[in-house]
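In: Predicted structure and sequence below. I'll ask about it afterward.
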Amino acid sequence: MRARALPALMPPALALLLALAAAPARAEDASCAGVKSIGVATMDADGVLTLRLRSLPPGPIAEGTFTYRPGDARYDEIRNHLGGIAPGEAKPVPPWC
């Protein structure tokens, strides 16, 4: 069986990865506020954002790379979530809590 290419799975994969990253380990631990990063974001010279994300333990391990170009529907949302980012910069990606 051949694995699918990541770009074909981006929207569902991103949703799963973000859900796993924000999912609490236990019902009484409903906050991920103590988690500083779920990956790294970079911006290239053309303004393209690349996020390399990973899920948080103890859930299933998931990793993914997601690319957002200027003009993409979620580009501004992602850039704002990062607290801004400049071309050539790399920043930690805070979890979506």
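Out: That came through, no problem. These numbers were taken from a predicted model, which means no experiment stands behind them.
In: in which helix or strand would I find the residue lying closest to Gly39 once chain neighbours are set aside?
Out: In this structure, Gly39 finds its nearest non-sequential neighbour in Leu53, 3.9 Å apart by Cβ to Cβ, 6 or more residues apart in numbering. Placement of C-beta: from N, CA and C, glycine included. According to DSSP states H and E, Leu53 maps onto strand 49-54.
In: what packs against the next helix or strand after that strand?
Out: Downstream of strand 49-54, the first helix or strand assigned by DSSP H and E is strand 63-68. Judged by 3 or more Cβ pairs under 8 Å, 6 or more residues apart in numbering; DSSP states H and E, strand 63-68 is in contact with helix 6-22, strand 49-54.
In: For strand 63-68, which residues meet the burial criterion?
Out: 64, 66, 68 (16 or more other Cβ atoms under 10 Å).
In: Give me the phi and psi for Ala86.
Out: The phi/psi pair for Ala86 (degrees, to the nearest 10) reads phi -110, psi 160.
In: typo on my end, it should be Arg79
Out: Its backbone dihedrals place Arg79 at phi -60, psi -40, with angles given as degrees, to the nearest 10.
In: Flag the shaky bits of this protein, pLDDT-wise.
Out: Low-confidence segments of the chain, defined by pLDDT under 70, span residues 1-31.
In: All set now, cheers.
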